[in-house]
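S.K.: Turn this into a structure:
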Amino acid sequence: MRNRFCQWRVRAAGLFRRIPAPMDGWVLGTPSLTARLRMRCGDAFSVRVLNENWASPSLDEACRLDIDRRRFAWIREVLLLCGDRPQIFARSVIPAASLRGGNRALQVLGNRPLGELLFTSPEASRSETEVALLHPDDWLARRVPTAASRASEAIWARRVVHHLRGRPLLVTEVFLPELTDDGG
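M.R.: Down below sits the predicted model:
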């Protein structure tokens, strides 16, 4: 199976109409998934860090951030959980140039959610949201640890370029089927 490129779209009505009703409020209607999951899960909300290191971004991530793909970026992959159930897989790509000054703290978040920082800082802004329907052979779908159990299922994702203190970082969120299994 080869790795496909993800097909990201901004307000492409045809694609957006295909988002199932239980999922569309999550994909399109919630700027801060961290805040919404905290309300839904209460004390059962947590962040599990899967991977956090210097690595090469994917080609589409480098293009979206307008950086050289051959240069390492700080890449963080986490699961947002409700109890022990993964709800969202998140991947953040932070170019080295974005980790200067007050942004250095982005490398030492630990189990704290990045979303809390991005949505509470007066020095943060964001671009328009892009949405994709990931297929099992898309490179990003293959990064999602829980997708292996449902390898034939397409899953929804969104991504946004945030600017913190004027420096860009890309946050991609993949909505796992478990998010709406309980009526979500």
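
S.K.: Lowest-scoring secondary structure element of the protein by mean pLDDT?
M.R.: Every helix and strand of the chain was ranked by mean pLDDT, DSSP states H and E. The lowest is helix 13-16, at a mean of 66.

S.K.: Listing request: residues of the chain with sub-threshold pLDDT.
M.R.: Low-confidence segments of the chain, defined by pLDDT under 70, are located at 1-4, 11-15, 146-152, 182-184.

S.K.: could you show me where the strands are in it, in order?
M.R.: Using DSSP state E, the strands of the chain run over 45-55, 73-82, 85-95, 124-126, 130-134, 155-164, 167-175.

S.K.: would you turn those strands into JSON lines with distance to R64 and mean neighbour count?
M.R.: Where C-beta positions appear, they are placed from N, C-alpha and C, glycine not excepted. Conversion of the strands of the chain to JSON lines gives the following (distance: least, C-beta to C-beta, whole Å; neighbours: other C-beta atoms under 10 Å):
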{"stretch": "strand 45-55", "distance to R64": "16", "mean neighbour count": "15"}
{"stretch": "strand 73-82", "distance to R64": "12", "mean neighbour count": "21"}
{"stretch": "strand 85-95", "distance to R64": "9", "mean neighbour count": "23"}
{"stretch": "strand 124-126", "distance to R64": "13", "mean neighbour count": "14"}
{"stretch": "strand 130-134", "distance to R64": "8", "mean neighbour count": "21"}
{"stretch": "strand 155-164", "distance to R64": "6", "mean neighbour count": "21"}
{"stretch": "strand 167-175", "distance to R64": "6", "mean neighbour count": "22"}
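
S.K.: The nearest residue to A62 once chain neighbours are set aside: neighbouring residues, count only.
M.R.: Sequence neighbours aside, R69 is the residue nearest to A62 in space, at 3.8 Å (criterion: C-beta to C-beta, 6 or more residues apart in numbering). The local packing count at R69 equals 15, with neighbours defined by other C-beta atoms under 10 Å.
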